[in-house]
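**Student:** The amino acid sequence is not available; the structure is as follows:
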């Protein structure tokens, strides 16, 4: 029989209130709090906490103050990852960021979803769908990425966008809902 954690990362309905998941969320919240308490200039300490919190990282990454996540262990970031202030990642399912990903302030990546019918939703069951962001992606400020979305390598997501469906590689996409407006030429 699968644990609630296994159900969660496998996109099945799971119970959020079990002690195992509560403890994992408390650990992540504590590490995020420690990150927020570090003064500017404590980059080695910050990197050590991020490596303890996140599932997998490159050697060079920056996540500025205000970072929040549910579990941390379900987040993978590639080499040269940069996130500006107030990044929120609800990582109930895996969230994978490629290499050279740049994220502007106040962005959210939300894998968590809730059943539409009230009785199931009120029973504290939810589901999650993974999010994948390719290499060399730039995400503008105040972008929201919803469950199950894949953003292709080399793409740019314009500020204020709500990404509700997959975005192909090497395009500029903007809006609510986010839509491709043009291709990006001269990609490596």
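**Tutor:** It's in. Because the structure is predicted, anything quoted here is derived from the model rather than measured.
**Student:** okay, and the helix or strand of this protein with the least pLDDT?
**Tutor:** Here the helix or strand of the chain ranked lowest by mean pLDDT, DSSP states H and E is helix 118-122, holding a mean of 92.
**Student:** What's the first helix or strand after the top helix by length along the chain?
**Tutor:** For the chain, the longest helix by residue count, based on DSSP state H, is helix 19-37. For helix 19-37, the following helix or strand on the C-terminal side (DSSP states H and E) is helix 43-53.
**Student:** packing partners for that next one?
**Tutor:** For helix 43-53, the elements it packs on are helix 19-37, strand 61-63, judged by 3 or more CB pairs under 8 Å, 6 or more residues apart in numbering; DSSP states H and E. C-betas here are computed from N, CA, C, even on glycine.
**Student:** any idea of the angle it forms with helix 19-37?
**Tutor:** Orientation of helix 43-53 against helix 19-37 (axes from the mean of the first three to the mean of the last three CA atoms, to 10 degrees) gives an angle of 170 degrees.
**Student:** hmm, who's touching helix 43-53?
**Tutor:** 28, 31-32, 34-35, 38, 57, 61, 63, 69, 72 (CB atoms under 8 Å, 6 or more residues apart in numbering).
**Student:** just how off-centre is that helix within its chain?
**Tutor:** Chain-centre distance of helix 43-53: 17 Å, with CA atoms, centre = their mean, to the nearest Å.
**Student:** Pull out the buried positions in it.
**Tutor:** By 16 or more other CB atoms under 10 Å, the buried positions in helix 43-53 come out as 46-47, 49-50, 53.
**Student:** average model confidence for that helix?
**Tutor:** Mean pLDDT, helix 43-53: 95.
**Student:** how deep is residue 113 tucked in, by neighbour count?
**Tutor:** 18 (other CB atoms under 10 Å).
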